[in-house]
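Visitor: Give the three-dimensional model of this entry:
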Amino acid sequence: MKKPILSALLALSVWPAFGQQETQQAETTAEIAVKAPPSLLERLKIEPVTSTEIGETLHLPGRVTLNEHRVARVGPSVTGRVTNVTAFIGQNVQQGQRLATINSTELSIAQAAYLKAKTQMNLHRLAVDRARRLLKADVISRAELTERESELAEVEVELRASADQLTVMGMSDEAIQRLSNSGQIDSVIPVTATLSGTVIEREISIGQIAQPTDDLFTIADLSEVWVVAEAPEQQAYLVETGGRAEVQIPALPGQKITGKVIYVADIVNPSTRTVTVRMEVENPERKIKPEMLATMVIHRPRITSLNIPAKAVVRTGDRDYVFVQTSGDQFVLTPVSLGPDLGGLRRVIAGLTEGQRIVVDGAFHLNNERIRKELE
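Guide: Okay, here's the model as predicted:
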């Protein structure tokens, strides 16, 4: 019974040392020199690391949207019944133009309250004038005149409040003045455009009851639109607010469209791992339509830096490596820090210096040779 137990103890004592040896070997993999056999050496292309000029360009899929700063949703200022509609989808309208007409009992009641307040004010003004004459004749006291003036002030406040309410209901100063002069109640009020542009939505018909919470018309100024795209979080740093960008629209082939980047989101969308980018584009001829598919092209200024071919990079684990030549047929797998792939080139951030000779073609085969040697 003792021999099996002793064997088990010996195995347990040897296993940690063996496991530790494997771990140390894996950690030093990048420092192991690889000797390329003559047959493989002939197939390798080796070049020095050099500085080159490179420009970074992003192609971001997106779409055309309305410029939300140039969109107006128009509704009635009072509850009432629609009696006339004069604007339709696709029609160009000017700010202040009548779009529809509404008949409102609420407006009639508010106008009646205004006329009543005006009548009360006129009566109290007459009373104040009369009290002033009586005070001069020593018929009444100063206190009685003060009381009449106080009552007049209260009525004047009520009149101003009634006028403000009519303004909120959509009556212009001219219409209120006409009401004051004529004394005739007019329960019809227009729905007018608050923005010059094109009617793109219409939710109104004659006879319906409209309320202030309803959006009866949507008007958009299409002379300027937005292009919204999503930039991968790894490349979002390349996009700057205020920079110029191009737009490629499949529906408008051959047209060069440019604009300015006006917004780069401060947060990453957790579902798509992208950052929203928005640019502003002039559209004087209205050829660019909202919801068209588009590609936002952002060019970064060209810079001079150390760059290596993307095919020279060997990805092992979660790191990038390249094979650095130390002598004729000797190479070392060296960890490097690189920028994103830009047209087949990757910018060297750390790990290499100018003049070092690396394998730029055939690194995959040399890495297989390294793995084979390790397994042996």
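Visitor: Walking through the stretch 201-350 of the chain, point out its strands one by one.
Guide: Counting by DSSP state E, counting those that start in this stretch, the stretch 201-350 of the chain has strands at residues 209-210, 217-220, 224-232, 244-248, 257-264, 274-282, 293-299, 303-309, 314-316, 319-325, 330-342, 345-350.
Visitor: could these be laid out in TSV, adding mean pLDDT, mean neighbour count and distance to Thr198?
Guide: Where you see a C-beta, it was placed from the backbone N, CA and C, and this is true even at glycine. As requested, the strands of the stretch 201-350 of the chain are arranged in TSV below (pLDDT from 0 to 100; neighbours: other C-beta atoms under 10 Å; distance: least, C-beta to C-beta, whole Å):
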stretch	mean pLDDT	mean neighbour count	distance to Thr198
strand 209-210	95	16	22
strand 217-220	96	23	6
strand 224-232	95	21	12
strand 244-248	92	18	21
strand 257-264	94	16	20
strand 274-282	95	20	16
strand 293-299	92	19	20
strand 303-309	84	16	44
strand 314-316	89	14	52
strand 319-325	92	20	52
strand 330-342	87	17	41
strand 345-350	88	17	46
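Visitor: could you dump the ones you listed to JSON lines with distance to Gln95?
Guide: Shown next, in JSON lines, are the strands of the stretch 201-350 of the chain (distance: least, C-beta to C-beta, whole Å):
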{"stretch": "strand 209-210", "distance to Gln95": "21"}
{"stretch": "strand 217-220", "distance to Gln95": "9"}
{"stretch": "strand 224-232", "distance to Gln95": "16"}
{"stretch": "strand 244-248", "distance to Gln95": "29"}
{"stretch": "strand 257-264", "distance to Gln95": "24"}
{"stretch": "strand 274-282", "distance to Gln95": "20"}
{"stretch": "strand 293-299", "distance to Gln95": "29"}
{"stretch": "strand 303-309", "distance to Gln95": "48"}
{"stretch": "strand 314-316", "distance to Gln95": "59"}
{"stretch": "strand 319-325", "distance to Gln95": "58"}
{"stretch": "strand 330-342", "distance to Gln95": "47"}
{"stretch": "strand 345-350", "distance to Gln95": "52"}
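Visitor: Of those, which is nearest Ile200?
Guide: Proximity to Ile200 (C-beta to C-beta) singles out strand 217-220 among these, at 5.0 Å.
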